[in-house]
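Student: predicted model, plus sequence, below.
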Amino acid sequence: MAKVHQCGEIRCHRIIPFDQRYCDVHAKLHAHDAYHNVSHKQRLESYKTYNREHRDQVANTFYHSQEWQRVRTYVVNRDMYASGVSGITLADHDLIVDHVVPRRLCKDPLDTDNLWCLSRREHLAKTKMEKHIANKPNGDNVLKHLNRQKWAVYIDRQLAREKTSRRSLKRSYPPTGTQKRAMCTLAFRYGNDSYKSFLNGGCLDYKK
């Protein structure tokens, strides 16, 4: 039987082939995502550059240790490649084993109870929020007491906000020729002055 998993879109439970990230409905929404316009080879190169030039070298050494690799494999198998936020099955190249309480703040960085699986997108959202919280007064103490249930809610909300923002950005683009013609039709049919004032500047087909 061929491998399948749920669509990568939050709250979408359509079952799709393992080599697809989104169902046919949601694939269209993510067709222009910057992440998907970069080849797997380019992503690997960017990760290597990050590890070499930007990541803390202590952390870099830790994440390349045999102990961490063994623990990572155990967590991935324990969670069956499922995201701790969305529950979808992740491809190996999109899966990150993350510390719920940041590694620098936890007592044992190899404690499997403090580890879960996230997609790269979810991990990026969590990392941004961790930095934001850490910069606040008593931020480290707050991070020590955030469990995976709370993080799942926060990450889900953050990704939903980012999705809404992307859709708003798409709607802010100049109207296409088809949209302009539709607006022309509405203006002629209903005599809407607001449509006319807009169309005078943007639709060549419109005449008073």
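Tutor: Cool, the structure landed. What you see is a predicted model, and the numbers here were worked out from it, not measured in a lab.

Student: can you list contacts of stretch 69-77?
Tutor: By Cβ atoms under 8 Å, 6 or more residues apart in numbering, the residues outside stretch 69-77 that reach it are 95, 97, 110, 112, 115-117. (C-beta placed from N, C-alpha, C; glycine too.)

Student: same thing but at 7 Å, please
Tutor: With contact meaning Cβ atoms under 7 Å, 6 or more residues apart in numbering, stretch 69-77 is reached by 95, 97, 110, 112, 115, 117.

Student: go on, stretch 119-134?
Tutor: With Cβ under 7 Å, 6+ apart as the criterion, stretch 119-134 contacts 83, 85, 90, 94-96, 98, 102, 118, 139-140, 142-143, 151, 154-155, 158-159.

Student: mind redoing it with 8 Å?
Tutor: So stretch 119-134 is contacted by 8, 35, 83, 85-86, 88, 90, 94-96, 98, 102, 118, 139-140, 142-143, 151, 154-155, 158-159, 162 (Cβ under 8 Å, 6+ apart).

Student: need phi/psi at residue 118.
Tutor: phi -130, psi 160 (degrees, to the nearest 10).

Student: what ranges do the helices span in the chain?
Tutor: Here the chain has its helices, by DSSP state H, at 24-27, 40-53, 57-63, 66-78, 120-134, 139-144, 148-171, 177-190, 193-202.

Student: mean pLDDT lowest where, among these?
Tutor: Note on these: helix 193-202 shows the lowest mean pLDDT, a mean of 50.
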